[in-house]
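Student: Next comes the sequence, and after it the predicted model I'd like to discuss.
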Amino acid sequence: MSNYHIKHLEEYYQVYRKSIREPESFWEEIAEEHFLWRKKWDSVLDWDFSTPEISWFKGAKLNITENCIDRHLTTRGDKTAILFEPNNPDEGSQHISYNELHIRVNKFANVLKEQGIKKGDRVCIYLPMIPELAISVLACARIGAIHSVVFAGFSSTALATRINDSDCKMVITSDGSYRGAKTIDLKGIVDEALESCSCVETVLVAKRIQTDIHMNMGRDKWLAPLLEKASDDCAPEIMDAEDPLFILYTSGSTGMPKGMVHTTAGYMVYTAYTFKNAFQYTENDVYWCTADIGWITGHSYIVYGPLANGATTVMFEGVPSYPDYGRFWDIVQKHKVSQFYTAPTAIRALAKQGTDFIENYDLSSLKVLGSVGEPINEEAWHWYNENIGKRKSPIIDSWWQTETGGIMISPIPYVTPTKPTYATLPFIGVQPAIMDENGNELKGNQVEGRLCIKFPWPSIARTIWGNHQRYKETYFSAFDNKYFTGDGALRDEVGYYRITGRVDDVIIVSGHNLGTAPIEDAINEHPAVAESAIVGFPHDIKGSALYGYITLKDTGESRNHNNLRTEINQLITDRIGPIAKLDKIQFTNGLPKTRSGKIMRRILRKIACNESDSLGDTSTLLNQEVVQEIIDNVL
Ligand code: WTA
């Protein structure tokens, strides 16, 4: 029996039990047999959830790029590592072999060094989904620089906040990006951001859209000529197991986005192991995850997990609707994709187009379908199963988070029987707990509550960059000695888990986590706005959409409300990005508040969700009268 590759349900249970009973020897064996180490560890796991301090494979030395690239060269040098599919299908795809990836990562790593980047320095990457994105991530890892990828849909203000928070010395970007029929001036966004970032010394610019852009002398450098001159030999920096590999920002309920810090060895072992099993990847498969590398899904399951297994991973630059809604299926057919991993929001958007766009394509190469990022509703699950999987490809509904680094609860395809809308069973090594509001663990089956994890797994984020206290408060304070996920979950009669959604003020819109506080802050900057509160409401494509209740300073405000709505959404686009725009804006004369002045979002959420008949007792509110007015004017 190979613990590395699980093929039967019985084997799953056996391996799972072993991973729980003897976690250290279990992970030690996986690490020992399947990875390349420059030095082995002194201890497998040290942990204390109260401080919290967690380390895996302490004392070990390695470089993750040796594991993701170099060690494959003798057996898979000519195999395609990255299969790049451009925005415009006429441009033609690119097959980047492991040999070529090795050369390109080494050259890029040497450019970083020449530009003064050293081990431990932070490098912000703000790129579209072009090969340079994956290559720059790996180049940072090659020399021990900590990458901080910022999704290229974020605004200049959001980018600046992230650059400053982790004190990045360099930004890697491109002259622009393609998004369907549109082009976006990425370099312009970077220039604007850098007006408020004194830490950045150098900007490397990849050419993508070939338009004239402004280059800031001394600071901005074209990437291509530097790469051309660079040597293709760059010895990997030998890293400690617990050296930071990257920072990735995620939204919290309140305040600044949190720079989650992932470290090297545990992250590598867990993403590789989960990739192999969750997708049942075998040597000649072509694997495609449609996420952007700007999110954790892209980090773990486009770059590190697949490459650590010597897989062929597709990188798609475009959007599902360009040139038409058949684009995904065109790519599946063209590259004979075996595993396809996407988000419920994409499935719902495609389902809305009907099946005409599917019928012209041969999808018979597909073996595994994946879903991630938000709960998948029953209708979308069945549509995916019937029309894309043709009822023969299992759907893995995988639950995890930026903070968890890798998949935590998910069926293993062809192993775990699936059940619509259920993430099913915990992954090997994962110990979930469902808690009630008083902090008691709900044992047994058929329980519902808050989802926690009781024991460390190798790829848990180790801290929040620059704010360990916040890490402790956010994840380890709600429940004693447990990691709190922020999600609700239920466990059914056979022990299957279903994620019921966020229990905090994070709203997931089209699979993107959005904190309400930064959006409210952006709205409140508008000179006409007195106060605002954001809640989520169900949306048939986005899953959830944003509903804003806004009170104006001058309630007799004579300005056109539609113009105000446009201005407010423009402010949100400028401060955060278009993903955070509000779908509905209701102007109100007040917001329901507790006697201590706290906005009662629970009531506002119910009204926005058309559940105003179950508001419960509102008599303790400071201003009960506004509730009826809000209900009467609900959009
Ligand atoms: C939600 C994405 C239900 C959840 C990898 C989680 C899900 C948040 C699922 C993390 C799923 C993710 N079913 N909900 N299969 N997957 N979520 O950090 O609320 O972008 O806490 O990581 O997405 O989002 P993040």
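Tutor: Cool, got the structure.
Student: what's the burial count for the closest residue to the ligand within the stretch 51-200 of the chain?
Tutor: The minimum distance from the stretch 51-200 of the chain to the ligand, using C-beta to the nearest ligand atom, falls at Phe151 (10.3 Å). (Glycine included, C-beta is placed from N, CA and C.) Applying the criterion other C-beta atoms under 10 Å, we find 20 residues in the vicinity of Phe151.
Student: Convert the helix or strand Leu604 falls within to PDB, retaining C-alpha atoms only.
Tutor: For Leu604, the host element (DSSP states H and E) is helix 601-608. Once side chains and other backbone atoms are set aside, the C-alpha atoms of helix 601-608 remain, and they are given as PDB (Å, rounded to 0.1, in the frame of the first residue of the first chain):
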ATOM      1  CA  ARG A 601     -26.000  43.800  10.200                       C
ATOM      2  CA  ARG A 602     -28.000  40.700  11.000                       C
ATOM      3  CA  ILE A 603     -31.200  42.600  10.500                       C
ATOM      4  CA  LEU A 604     -30.000  44.300   7.300                       C
ATOM      5  CA  ARG A 605     -28.900  40.900   6.000                       C
ATOM      6  CA  LYS A 606     -32.300  39.400   6.500                       C
ATOM      7  CA  ILE A 607     -34.000  42.400   4.800                       C
ATOM      8  CA  ALA A 608     -31.700  42.100   1.800                       C
END
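Student: ok, Lys443 to the ligand distance?
Tutor: Using C-beta to the nearest ligand atom, to the nearest Å, we find Lys443 at a distance of 23 Å from the ligand.
Student: Quick one: the strands in the stretch 251-400 of the chain, in order.
Tutor: Listed in chain order, the strands found in the stretch 251-400 of the chain under DSSP state E, counting those that start in this stretch are 258-263, 286-289, 312-316, 339-342, 368-371, 395-397.
Student: what's the neighbour count on whatever residue of the stretch 301-450 of the chain ends up closest to the ligand?
Tutor: Across the stretch 301-450 of the chain, no residue is closer to the ligand than Thr402, which sits at 3.4 Å (C-beta to the nearest ligand atom). The tally of other residues near Thr402 (other C-beta under 10 Å) stands at 19.
Student: Could you number the chain from 53 rather than 1 from now on?
Tutor: Sure, I'll start counting at 53 from here, so that last one is Thr454.
Student: Relative to the whole chain's centre, how far out is the very next helix or strand once past the helix holding Leu656?
Tutor: For helix 653-660, the succeeding helix or strand toward the C-terminus, using DSSP H and E, is helix 677-684. Between the centre of helix 677-684 and the centre of its host chain there is 38 Å, according to C-alpha atoms, centre = their mean, to the nearest Å.
Student: State the number of residues packed around Gly307.
Tutor: In terms of burial, Gly307 registers 14 neighbours under the definition other C-beta under 10 Å.
Student: Which residue is the nearest non-sequential neighbour of it?
Tutor: Computed as C-beta to C-beta, 6 or more residues apart in numbering, the closest residue to Gly307 that is not its neighbour in sequence is Ala569, at 6.3 Å.
Student: Let me see the contact set for the one you found.
Tutor: Listed by C-beta atoms under 8 Å, 6 or more residues apart in numbering, the contact set of Ala569 reads 305-307, 557.
Student: Need the phi and psi values for the residue of the stretch 353-502 of the chain closest to the ligand.
Tutor: Backbone dihedrals for Thr454, given as degrees, to the nearest 10, come out at phi -50, psi -40.
Student: That one touches Leu300, doesn't it?
Tutor: Yes - counting by C-beta atoms under 8 Å, Thr454 touches Leu300, with 5.8 Å between them.
Student: Give me the common contacts of those two.
Tutor: 312, 347-348.
Student: Kindly reformat those as TSV containing pLDDT and neighbour count.
Tutor: Putting the shared contacts of Thr454 and Leu300 into TSV (pLDDT from 0 to 100; neighbours: other C-beta atoms under 10 Å) gives the following:
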residue	pLDDT	neighbour count
Met312	98	23
Trp347	97	21
Ile348	98	26
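Student: Run through the residues of the stretch 253-402 of the chain sitting next to the ligand.
Tutor: For the stretch 253-402 of the chain, the contact set with the ligand under C-beta under 6 Å from any ligand atom comprises 302, 347-349.
Student: can you pull the contacts of Gly567?
Tutor: Under the criterion of C-beta under 8 Å, 6+ apart, the contact list for Gly567 reads 303-307, 309, 557-558.
Student: which two in these are spaced the farthest apart?
Tutor: Comparing all pairs in the contacts of Gly567 by C-beta to C-beta, the longest separation belongs to Pro309 and Asp557, at 13.6 Å.
Student: Ignoring the adjacent residues along the chain, who's closest to the residue in the stretch 153-302 of the chain that the ligand sits nearest to?
Tutor: Among all residues of the stretch 153-302 of the chain, Thr302 sits closest to the ligand, at 5.0 Å; criterion: C-beta to the nearest ligand atom. Excluding its sequence neighbours, the residue lying closest to Thr302 (C-beta to C-beta, 6+ apart) is Thr454, at 4.0 Å.
Student: Show the pLDDT at that neighbour.
Tutor: According to the per-residue confidence, Thr454 scores 97 in pLDDT.
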